[in-house]
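In: Here you go, sequence then predicted model.
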Amino acid sequence: MMIKDHTPATHLRAWDFFLVRFVLFFGVTLFLGRFVEAQWDINLLLFLNPDNYVPLLDQLVIFQTDWGAYYMAVLTIAWLVGYYSSRRSVRAQEITQKIYYGLAVVFGLWHGAGMFIQKKGIFWWGKVEYTSVFLLLGLVLFGGFFLIGRLLTELSDDDQRKITQACWLVIVCVFFVNTLGEDQIKALVKRPRPLHDSNEAWNGAIRRLDDEVVRGGFSYISGHTSSFWAQTVVFFWLIRSWRIRLPLLALGIFHGYTRIYTTAHFPYCVIMATFFGFGVSSMVYYCFWNHRHLPLLAMMSVGISLLMIAKASQRPIALAVIAISLIWFGVWHLLNRGKESPPLVSAALFPFGEPPKG
């Protein structure tokens, strides 16, 4: 880890190290965008896209491609809210656990009801073909909230701080990977999506999944793929167990595959999104773990992201997020002036017990 103490010099070195490598990843990914029109890429896309309905796989693809980033974001926010609501006492943790068990039921039933209410009765979707994805989404969120409730009482304070730092870092990862990275690369390379009219010479042979037909925007690089890596890579490095790491890797690879399966992106665009998303997120983890003002850095990332993508009428919301973050930081700084900095935590979480030393 770059940050081994809270001195300004250490933080400055971490920023220098990160920014140089971010520019390097950005430059390499942008340069390799010159090779997006390779015939093998089109052939591989057609090969990976089935001609007929594949039982269960179609439903899993739609679930992951449309809701993967959503459930990861919900659970990340849920952990942060639960941690800061309960960290003061054991009693608060027990109360929060009960609340989260209740939320597990509410989120599970509410999302699962989407299986029966398809016409804007529960989500922003209209009528969908694969309604069973809502049942799976409900089960995932039920399990996620239930697990958070247990961890808030069973994990040590140190391990809870590690997960909290990881959640803040995820927000920073999304900012650098998607707002400053993927969005800009797409605008510069401007590769049309597979189903775009410019590819009509061959895209008529592609089977379309009605629940995910994407023609507009650009393909290089895949935003879904890069953002999902941004949401998982920090936990991949933090958790020292291949029983957790392998499923995370498999889920990230499958998420990228869903973007090819639905022909939202070419395989090359997914491969390069993996390179960029995994690489930049790894650098965020390495450089900013134990950053002294990580919550401020994350919330400023949210505010700047909103400011960059918001329409004129929505900009006051983005500015409000930035203002609240700065006020929050100022109040925190005044309340903690003269106090010792919180102790650093190790960048390792052993979910099945730390291995014996020696």
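Out: Now that the structure is in, tell me what you want to look at.
In: Find the nearest non-adjacent residue to residue 314, please.
Out: residue 306 (7.3 Å; C-beta to C-beta, 6 or more residues apart in numbering). Backbone N, C-alpha and C define where each C-beta goes, glycine included.
In: My understanding was that that neighbour contacts residue 317; is that so?
Out: Yes: the pair residue 306 and residue 317 qualifies as a contact (C-beta atoms under 8 Å) at a distance of 6.4 Å.
In: who's in contact with residue 109?
Out: residue 138 (C-beta atoms under 8 Å, 6 or more residues apart in numbering).
In: In which helix or strand does it reside?
Out: For residue 109, the host element (DSSP states H and E) is helix 90-112.
In: Can I get that helix in CSV, CA atoms only?
Out: C-alpha atoms of helix 90-112 as CSV (Å, rounded to 0.1, in the frame of the first residue of the first chain):
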residue,chain,number,x,y,z
VAL,A,90,-23.2,-3.0,20.5
ARG,A,91,-26.9,-2.0,21.2
ALA,A,92,-26.9,0.1,18.0
GLN,A,93,-25.5,-2.8,16.0
GLU,A,94,-28.2,-5.1,17.3
ILE,A,95,-31.0,-2.6,16.4
THR,A,96,-29.5,-2.0,13.0
GLN,A,97,-29.3,-5.8,12.4
LYS,A,98,-33.0,-6.2,13.1
ILE,A,99,-33.8,-3.3,10.8
TYR,A,100,-31.7,-4.8,8.0
TYR,A,101,-33.4,-8.2,8.5
GLY,A,102,-36.6,-6.3,7.9
LEU,A,103,-35.2,-4.5,4.9
ALA,A,104,-34.1,-7.9,3.5
VAL,A,105,-37.8,-9.0,3.5
VAL,A,106,-39.0,-5.7,2.1
PHE,A,107,-36.5,-5.5,-0.7
GLY,A,108,-36.9,-9.2,-1.5
LEU,A,109,-40.7,-9.0,-1.7
TRP,A,110,-40.8,-5.6,-3.5
HIS,A,111,-38.3,-6.7,-6.2
GLY,A,112,-39.7,-10.2,-6.5
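In: Buried residues, it. List them.
Out: 93, 96-97, 99-100, 103-104, 107-108, 110-112 (16 or more other C-beta atoms under 10 Å).
In: following that helix, which helix or strand shows up next?
Out: Following helix 90-112 toward the C-terminus (DSSP H and E): helix 132-154.
In: Give me the mean pLDDT for that following helix.
Out: Across helix 132-154, pLDDT averages out at 95.
In: what sits up against it?
Out: So helix 132-154 is contacted by 59-60, 62-63, 66-67, 71, 74-75, 78-79, 82-83, 86, 90, 93-94, 96-101, 103-105, 107-115, 122, 160, 163 (C-beta under 8 Å, 6+ apart).
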